[in-house]
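>>> Predicted model and sequence below, questions to follow.
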Amino acid sequence: MSSSLTCTKLTVWTVIGILIQIIGLSLFVLGFFPVKPALSGVSGLESFRPPGFDSVEDHNVSNLRPDQLKSLYQELYEIPPSFDRLILMVIDGLPAEFVLGRDGQPPSKVFMEAMPYTQSLLASGMAVGYHAKAAPPTVTMPRLKTMVSGAIGGFLDVAFNFNTQAFLDDNLIGQFFNIGWKMVMLGDETWLKLFPGLFTRHDGVSSFYVKDTVEVDHNVSRHLGDELNRTDWNLLILHYLGLDHVGHIGGRSSILMGAKLKEMDEVVKMIHSSAKRSQDNNQGRTLLVVVSDHGMTDNGNHGGSSYEETDSLVLFVGLKHKAYDCPLVIHSTADQADIAPTLALLFGVPIPKNNVGILMSETLDFLTDDQRLRTLELNSWQLLRLLQAQLPGLSCGSFSSDVIRDDQWPAITKCDGSDEGMSNSRDDYSNTVSAYDDFLRAAREWLSHRATYKPAGLLASGVAAMVLSCLVFIGLLLWLDQEVYLRQMHRLSDLKNNMHKWHLEETYVLAIIFILVLSMGSSSMVEEEQYIWHFLTSTFYLVLLRKAIQSPIAGVAQSLITLVKGQNRRRSSQIFFIILILLSGRIMRGWHQGGVNWAHLPDISKWLEQAGRDYVKCIQLVSWLLVISLGLYSLSLFRTKKYFVMVIAFLFLVPAMLVLRHILKYQDSAFAASSHGATSMAQIIYSSRDPHMWCCFCLTVAYTVQNPKIFSTHDVCWSNNFLADVRRKFLLVGFRDCAYVIGWAYMLCWCLLQLLLQQPINSMPILLLLVQILASICYCSNSGLHLKQWVEVAALFYLGLAGHFALGNTNTLASIDVAGAFIGISSHSTLLSGILMFIITYASPLLAFLSMVMYMSMKETSYLVNPQNADIGHFLKMSVGFPCLVPLGLNSVLLFAYTIVLLLMRNHLFVWSVFSPKYLYVCATTVCVYIGVSVVYSTAIYTSLVFALRSRTLQCFIRDESRVSMVDNMYSMNPSYYELGSCSSNSVKFHLEGGGGGGGGGVVSSNSTNMANSMSMVRWSSLRSTAEEEEKGVGGGGSKKKSHNRQGFIASRSSPKAEELKKTTTELTQADSTSTTSDNGSGQSGGSAKEHHNMLPSEADELELCYCEEEGDSAAGTIKATMSCEDRPELVSDMTRAVRSVEGKVVRAEMATVGGRTKSVLWVQVSGDSGGSDGDSSGGERLGMLGRALKVVVDRASLSMSGPGQDLPGNKRPRLYHY
Amino acid sequence: MEKKGKKKQPSEGNDTVSSPSPSPWQAFLVHLICGLGLASALWIAHKVYTNLISDPSQILCLIWIIEAPIVILLFSIFRKNPKECSYWKAVGRGLLGLPAGAVVNALGAIALGAPVGVKYFSKTLNWSLLMSLFTVVPAASVFGSSWTNWQQIFAHTKPIGSIDYMICLPAHGAVIGAWFGAWPMPLDWERPWQEWPICVSYGAIAGYLVGMVASFCFVPLRSEQRHVKAE
């Protein structure tokens, strides 16, 4: 089986996938959230001057008083203001069609009759109406912004100032405020959010209760009479929500609609008559502008970009005092952005800087020609400035004859010749006006297109790149999985059925992704995503619980009471871990009541905060203590060398103490973040934490690198053949130890950092998260082959994402903890606090990633490593492949799916409030995955590189040693030995623990406390577990195993026990690899199925039986018995006797003795078994009998060994308890 | 199909020794009575409380009180080892299984996010008793404390005999139905039935009914196969 997928290839492909994904993501983001170059600042005096003269005497404008500014504006504007007061009446959701009709047709009769006064105004020409096209999203807040600023906002400018809803761009309200207008606002409180503090009086109503159609409007109108009688205001904003609510309830044709229109008509009538009255009394002229922010569909919804939704109304009432003789009934169309410049020019204030609208020329009909040209000129200058900002190459230094050649609309060539326009000829005048008009329209078109344009090409290529990267990751995963699978097949050749079966939890892991993607299409599911995550992860662990319950095989092992006990213990530890995960997950879910709709419900954090600061602090201290003790406990499991552990623990405790001090001293004061002491303290912690991490890092590596030197000096007599083996063991053991300590340091330091940065109330969820992840890792390390590796990695990833929401994060930008981002930062730095914000927000997913390092060390993967070519790349691929690729793959699927959702939802009502913030979170999660994966990968690379280097030197070292040492010729003399071929995996092995309770009756050693059909137990108690494994083998194999042809055997059986037997055989073969692993891991118990080439006696007493199956060999059909034990004089005769006792005949024998230990390989032909197919039961029994007989021999050897005088401690390799 | 073939042998072995495996007709009758009991319980609840949403805990209580004797008495007939175990002992096992199963179900629901608190106590209690009736009680009546059988039904989901199907399919249906029933809960529809036990209960009942229908279909299928094999 050639490795088709090398480590380098895998890395390169992964990096390519990541790069493609980054490119795709950025293309999509650029396309979907266009960043329009906006001008900052507020228009001032310069707007009355041509663009070339911008920088003159601007600086002293800010010193002027409002009334001075006002007069200055008037002076520069050269046109006296036509009106003194403005009433802006916003009718939410009123389609222009209701008032103006559609396509030249008058509105339907119902609506005509509902608004008699307005219609009469229109008919008489005293009102000018427009169909104003609103830009999507047709939702109130962005529409209001467009109306007052003339700019068409993107999403990103909402996102960039997420902590305030106030509208900071240049806008009309601000301009009015600057010239000292007094403003009154009645109606939708959105205005108050947008312009806090600008209104003299206000009465906001909430649009929350959609069912209410009466009270909302009554609350506005009740003040109206009073306000109209007052004269202290200049701008009155009325925002009526009722019509929108009517639409939401009953759609356009709701029976309430007529009444509502009637009510609006009454308001218009009231205002207009009042305005007329006050004008007649010379109390100033009042302009009434009736606008609607958006339209509605037939069902009454809005948000999208259909004509019904974008068709909003602009109605100027009172431009002319008297009715026209020949009224205009043509209602032209305009853009909603046009309202801002029109009002600005009508009232003589500068046009807002980012305005893309053009003035509505019909409203200025009452001006003289010169004045009209002046307004056109001002509008053109403003747009020209904006154009210059967006097209830096635009050459328009002189305004007299300005030719704009726009690349994108090459056909439009405009003459902006205003001076010529001043000539007397009427012809010239109209020419100039039309030239201005053309220019303005072209500019508006271009600018607004620029703002809302979503380049399809960009989006498509972005999506395509994401699909490609997704496919790359999935392909790599399948490839890797295939290879692992093949390797397992290689090792466990007969488990095809079992391994191939698609287990419930694997299906479920994929189903999670599917369900998530589906649920993302619903806005309320996005808002309440924390429930989904908790539900899905809990269900996943319940599925695992079910699996843990089903794992023991009651029928087979019933005879062995001890074995059942061991099984129960393993099972109960698994169940315990799962229950721990479920419990802490449940507490975490109860900790924060996240989301949007149920955020007000009680939860533990609210309860604690109400209970008082002391409780919170108590919780914080408790969780600090538990995190520290958990850390120290898990470190103490690593008991290689006490002093080393103590050094690391000490290094860990230093920052821990500092964090504790910080908690005790500073976090109880409300202004902790601002106090100097806290800042410096936090800085000290930062600076102490990082060195600690690095110390751990270096120490670990340095130590473990030293370690093999120690043990290799003890092993004097190794032959060259053994060298590769030693290297491999060295690599595996060292890598594991190293990864364990580094992963530990990562996780604990991360938790400490979070204890420092997070809100005090979040310290307990951090602890619970740590518990969950540690329990999950322990569970996985216990699970052996029962769970596929990718499932476990995916489980960790899901835990991390579920924890993200348990820390109180939601999918709205509001829940980001901004305050924590300034801990320990003395001067404002966007970058640093941004990084801190990221650390706080993504605490949980990053913790999950950091835990992958530890997971790699705990998870048994060595069976995947081919012992023959233990090169480092291969090893890396097997250990790092899944932890890196699975999160990347899952995330790429989520990212792609969510991109599609966002595209589909681009016209949804909540696209800006729900889906787009969620998309930003998805992008940030992607970044988080990149960071996590790169940390895991680089750690693994670094560690294994260090070991590769060391093992090379080790090789030289051993080579030198071996030259001196005694070399047993046996290894070199018989090359044919290697050709003997491999035994089938149908083997029963007996590992006898040297000092353990020796031969207990007919069955093997009774020192079995643990069930170990999992290979990974080896890490914790390798010898013990192996022994039990064998025991199980005897129990299961001795009674049930029938033939060496296991495939046929399984197929021939149809009892339900077949399933169990299959499991037994699984375990047996796992045991095979277990023993291999134990070799790798400890270097003390040699001899396994995979190591026949090595005739070196192992340190532990062991016995291994298997059938030889190679064709054409004389040894075919024989049992191969391999045993290692202490040498003694009567060993050979004992063995002969044992073989005879089962009526066997030794066909061939090989023995090797090194330093008092001996290893014998016997090929025994058992009479009656030569056929090999005469019945499964007899073969199995014979194997068991031979095993028992030989075991007695080995046992006796070990017993005699324990006798006085025979002990040869010098020759015995010291045991390395690495755990 | 192959799998089923494998599983069959021991069940035949068991059958000959012990329990009277219910014929398809009996199975149909049992399911029919259970379903009718459930329907009548719902009908009575509707009559008594008029609104099936307003007071979930009392309605659930009513349902399980009506359904419990039906299930326990019916399934006790099909107990394993009828020679060693009298009918009333089986009934007793079923009664014992009711609270035990309720604890298991309640713990599972809480792990999945069911609200905890004094005011939810009676709702959770009644719901879990009902769930216990759907899942654990029939198995308790039939199998008693035979761990192997329990494991086979609930951990491996490998029913063999027709009685296994009759226990296994409705139980799994109820659990899966309850799981799916929980999905509308976080949605912001502001409907009263989105409250904690209501939609989950309806999901469970629906799943239970679907499981019973599936069991209807499977049991005759199984016995047909058995006949074929016997011949």
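Arrived safely, thanks for sending. Note that the coordinates shown come from a computational prediction; the quantities given were computed from them, not determined experimentally.

>>> State the distance from A:Ala821 to A:Ile839.
Separation of A:Ala821 from A:Ile839 (Cβ to Cβ, to the nearest Å): 9 Å. C-beta here means a position set from N, CA and C on the backbone, and glycine is covered the same way.

>>> More neighbours: these two, which one.
Neighbours per residue, other Cβ atoms under 10 Å in any protein chain shown: of A:Ala821 and A:Ile839, the larger number sits with A:Ala821, 22 against 17.

>>> From the opening residue of stretch A:87-95 to its closing one, how far?
Terminal residues of stretch A:87-95 lie 20 Å apart, using Cα to Cα, to the nearest Å.

>>> ok, now stretch A:591-602?
Stretch A:591-602: ends 9 Å apart by Cα to Cα.

>>> Give me the contacts around it.
Under the contact criterion Cβ atoms under 8 Å, 6 or more residues apart in numbering or on different chains, stretch A:591-602 has outside partners A:524, A:527-531, A:603-606, A:764-765, A:768, A:805-810, A:812, A:815, B:186, B:188.

>>> again, but for stretch A:739-753
A:627, A:631, A:634-635, A:638, A:648, A:652, A:655-656, A:659, A:689, A:692-693, A:696-697, A:700, A:766-767, A:770, A:773, A:839, A:843, A:846-847, A:850-858, A:935, A:939-940, A:943.

>>> so where's the stretch 801-950 of chain A uncertain?
Along the stretch 801-950 of chain A, segments meeting pLDDT under 70 span A:826-828, A:860-873, A:950.

>>> Which parts of it are helices?
A:830-841, A:843-858, A:872-904, A:916-964 (DSSP state H, counting those that start in this stretch).

>>> So for chain B, which of those sits nearest?
Across the helices of the stretch 801-950 of chain A, chain B has its closest neighbour in helix A:916-964 (14.9 Å, Cβ to the nearest Cβ).

>>> Go through whatever helix or strand A:Leu27 lives in and flag the buried ones.
Counting by DSSP states H and E, the element that carries A:Leu27 is helix A:7-32. For helix A:7-32, the neighbour count (16 or more other Cβ atoms under 10 Å in any protein chain shown) marks A:7, A:10-11, A:13-14, A:17-18, A:20-25, A:27-29, A:31-32 as buried.

>>> if we can go back for a sec, okay, the helices of the stretch 801-950 of chain A, which one's buried deepest?
Most buried of the helices of the stretch 801-950 of chain A, by mean neighbour count (mean count of other Cβ atoms under 10 Å in any protein chain shown): helix A:843-858, with a mean of 26.

>>> Against which helices or strands is that one packed?
helix A:723-757, helix A:763-783, helix A:789-806, helix A:872-904, helix A:916-964 (3 or more Cβ pairs under 8 Å, 6 or more residues apart in numbering or on different chains; DSSP states H and E).

>>> and the angle for that helix with helix A:789-806?
150 degrees (axes from the mean of the first three to the mean of the last three Cα atoms, to 10 degrees).

>>> Can I get helix A:843-858 in CSV, CA atoms only?
Provided in CSV are the C-alpha atoms of helix A:843-858 (Å, rounded to 0.1, in the frame of the first residue of the first chain):
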residue,chain,number,x,y,z
ALA,A,843,-12.6,32.3,23.5
SER,A,844,-14.5,29.1,23.2
PRO,A,845,-13.7,28.0,19.6
LEU,A,846,-10.1,28.8,20.1
LEU,A,847,-10.0,26.8,23.3
ALA,A,848,-11.4,23.9,21.3
PHE,A,849,-8.6,24.3,18.8
LEU,A,850,-5.9,24.6,21.4
SER,A,851,-7.3,21.4,22.9
MET,A,852,-6.7,19.6,19.6
VAL,A,853,-3.0,19.5,20.5
MET,A,854,-3.7,17.6,23.7
TYR,A,855,-6.2,15.5,21.8
MET,A,856,-3.5,14.4,19.4
SER,A,857,-1.3,13.3,22.3
MET,A,858,-4.1,11.4,23.9
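
>>> which residues sit in contact with the nearest residue to A:Ile587 once chain neighbours are set aside?
Sequence neighbours aside, A:Leu768 is the residue nearest to A:Ile587 in space, at 5.8 Å (criterion: Cβ to Cβ, 6 or more residues apart in numbering or on different chains). By Cβ under 8 Å, 6+ apart, the contact list for A:Leu768 reads A:Ser584, A:Gly585, A:Ile587, A:Met588, A:Trp591, A:Ala806.

>>> Fine, thanks again, bye for now.
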